[in-house]
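> next come a sequence and a model predicted from it.
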Amino acid sequence: MNSKLVYLVQTDTTVGFSSTDDEKLSNLKKRPTTQKILQVVDSFTTLKQFTRIPKKHKKLIRKAKKTTFIYPNTHSFRVIPKDDKFYDFVKKFKNIYSTSANITTKNFDKEFAVNSADIVVETKEGFSETTSSSIYLLKKTKLRKIR
């Protein structure tokens, strides 16, 4: 798989674009390139390669499901559990940027999503929009819910 391509895929939370090129995703969604995009990772081992997990929050992060954390280094990550259908896709890359498959502030439009992606990865279940992940901002000792 070519990691620079934009994939349209059913993520663990909603229909999304995935790529290792965050600038390409930002341009596709018409959002400022300064706005950071979430990375999904296949394991806690991979997560530790990108950020330091504050000791106080380790247990919370390990137990969290469908939750994105913004770490003290200002990067955001979500660990995909092995029993999730999206895990097999993420595992091929170890880590990959992921964002909802819509123009920023707009609702999901399948035609836009399919036309914008380089490769469409669709299962027999098709695509479905579900609730987006919870987002928490982590500091060394504090935790704040963003969404």
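It's in.

> ok, Val121 to Thr14 distance?
To Thr14, Val121 is 14 Å away according to Cβ to Cβ, to the nearest Å. Heads up, the C-betas are built off the backbone N, CA and C, glycines and all.

> could I get the full set of strands for the protein?
For the chain, the strands defined by DSSP state E cover 7-10, 15-19, 39-41, 67-70, 76-79, 95-100, 119-121, 134-138, 143-145.

> for the fourth one, packing partners?
Under the contact definition 3 or more Cβ pairs under 8 Å, 6 or more residues apart in numbering; DSSP states H and E, strand 67-70 sits against strand 76-79, strand 134-138.

> what do you get if the cut-off is 10 Å, keeping everything else the same?
The contact analysis (3 or more Cβ pairs under 10 Å, 6 or more residues apart in numbering; DSSP states H and E) places strand 67-70 against helix 58-63, strand 76-79, strand 134-138.

> kindly report the same for the last one.
Strand 143-145 makes packing contacts with strand 134-138 when contacts are defined by 3+ Cβ pairs under 10 Å, 6+ apart.

> and the strand it packs on, how far out from the chain's middle?
Its chain's C-alpha centre and that of strand 134-138 lie 13 Å apart, by Cα atoms, centre = their mean, to the nearest Å.

> okay, buried residues for that strand please.
134-136, 138 (16 or more other Cβ atoms under 10 Å).

> format the helices and strands packed on strand 67-70 as a markdown table; extra columns: mean pLDDT and distance to Lys110.
Listed next are the helices and strands packed on strand 67-70 as a markdown table, based on pLDDT from 0 to 100; distance: least, Cβ to Cβ, whole Å:
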| stretch | mean pLDDT | distance to Lys110 |
| --- | --- | --- |
| helix 58-63 | 92 | 33 |
| strand 76-79 | 95 | 23 |
| strand 134-138 | 91 | 25 |
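
> any chance of those in JSON lines, plus distance to Ile70?
Converted to JSON lines, those look like this (distance: least, Cβ to Cβ, whole Å):
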{"stretch": "helix 58-63", "distance to Ile70": "12"}
{"stretch": "strand 76-79", "distance to Ile70": "4"}
{"stretch": "strand 134-138", "distance to Ile70": "5"}
